[in-house]
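Participant: Fold the following for me, if possible:
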Amino acid sequence: MDGQAADKIISATERVRKFAAVALIALSVFLFVEALAALKGYRYIGSGVTATNSITVSGEGEVFAVPDTATFSVTVQEEAKQVADAQDVATKKSNDIVAYLKKEGIEEKDIKTTDYSVYPQYDYIQVACSGGYCPGGRQELRGFQVSQTLTVKVRDTKKAGDLLSGVGGLGASSVSGLSFTIDDEDALKAEARDKAIAQAKEKAEALADSLGVEVVRVVGFYENEGGYPAPYAYGMGGAERMDASATKASPELPAGENKITSNVNITYEIR
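Facilitator: Numbering: from 1, shown residues only. Okay, the predicted model is just below:
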């Protein structure tokens with residue numbers, strides 16, 4: 001074999017080695033990426049291959065706290081022959097109420113108009129019957145009613161009773177929807193959730209022991225929050241409407257405690 005032929009064989013061998021090295025590197029990179037993706041998949045609840053063997057348990061957590069905020073709505077309603085006349089009177093009373101609230105330390109950001117409406121008011125006129133025939137009645141425009149509702153947030157719950165009496169004395173038609181809440185519930189919700197998760201985990205471990213299986217990982221999670229207080233019905237209008245002008249004493253309004261609840265359902269893979 002001459003030298004030129006030998007050089008060709010060596011060159012071909014080198015090319016094969018280089019190709020094999022490149023293929024090996026590419027395969028290694030592919031396997032690394034796949035392994036990394038699989039590892040990342042375990043970081044996310046419910047991701048990856050669907051678990052065929054699983055158990056689902058529930059847990060409940062409760063936290064109690066004293067409310068630090070009171071909220072109520074105050075409504076002014078006026079009626080007149082003309083819209084402008086009704087608006088003038090309603091606006092005067094609403095402005096007086098807002099001025100009073102600000103004087104008592106309620107910030108402007110905590111006073112919000114939640115409704116402003118104008119409705120025609122009709123009387124039903126019954127036409128007299130004649131000869132046994134009653135033609136029915138008709139509607140006759142009586143005037144217009146203007147209604148404005150303000151929602152007020154009180155950050156000192158001890159002042160709520162005095163404020164209710166105060167706005168009543170300024171011509172409010174009704175005061176309603178009083179409720180005591182906690183302004184920032186995030187930390188309390190997290191605490192209730194932790195309690196619920198701990199209870200669910202305890203149930204899962206006990207159930208796994210009874211079944212003779214092992215809990216592997218969480219593959220599903222659902223939370224339902226609850227425990228919000230119902231509003232007080234105070235001067236809801238109609239037959240129960242608060243007689244604002246006659247209200248003298250401030251009502252005692254104990255805030256009590258609010259219960260914040262978290263209910264969770266957790267699904268665990270077992271083996």
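Participant: tell me the contacts of the closest residue to Asp194 other than its chain neighbours?
Facilitator: Excluding its sequence neighbours, the residue lying closest to Asp194 (Cβ to Cβ, 6 or more residues apart in numbering) is Gly61, at 6.8 Å. Every C-beta, even on glycine, is put in place using the N, C-alpha and C of the backbone. Counting by Cβ atoms under 8 Å, 6 or more residues apart in numbering, Gly61 makes contact with Glu191, Ala192, Arg193, Asp194, Lys195, Ala196, Ile197, Ala198, Gln199, Thr261, Ser262, Val264.
Participant: Gly61 and Cys134, how far apart?
Facilitator: 66 Å (Cβ to Cβ, to the nearest Å).
Participant: before we move on, what about Lys158?
Facilitator: Applying Cβ to Cβ, the value for Lys158 to Cys134 is 60 Å.
Participant: Could you do Gln126 as well?
Facilitator: 8 Å.
Participant: Let me see the ranges of the helices in the stretch 101-250 of the chain.
Facilitator: Ranges of helices in the stretch 101-250 of the chain, per DSSP state H, counting those that start in this stretch, are 160-168, 186-211.
Participant: name the helices or strands packed onto the first one?
Facilitator: Under the contact criterion of 3 or more Cβ pairs under 8 Å, 6 or more residues apart in numbering; DSSP states H and E, the helices and strands touching helix 160-168 comprise strand 69-80, helix 83-103, strand 137-154, strand 174-181.
Participant: Tabulate these in a markdown table, adding columns for mean neighbour count and distance to Gly220.
Facilitator: Formatted as a markdown table, the helices and strands packed on helix 160-168 follow (neighbours: other Cβ atoms under 10 Å; distance: least, Cβ to Cβ, whole Å):
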| stretch | mean neighbour count | distance to Gly220 |
| --- | --- | --- |
| strand 69-80 | 21 | 35 |
| helix 83-103 | 16 | 48 |
| strand 137-154 | 17 | 38 |
| strand 174-181 | 20 | 31 |
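Participant: ok, Cys129 - how many residues close by?
Facilitator: Counted with other Cβ atoms under 10 Å, the neighbours of Cys129 add up to 10.
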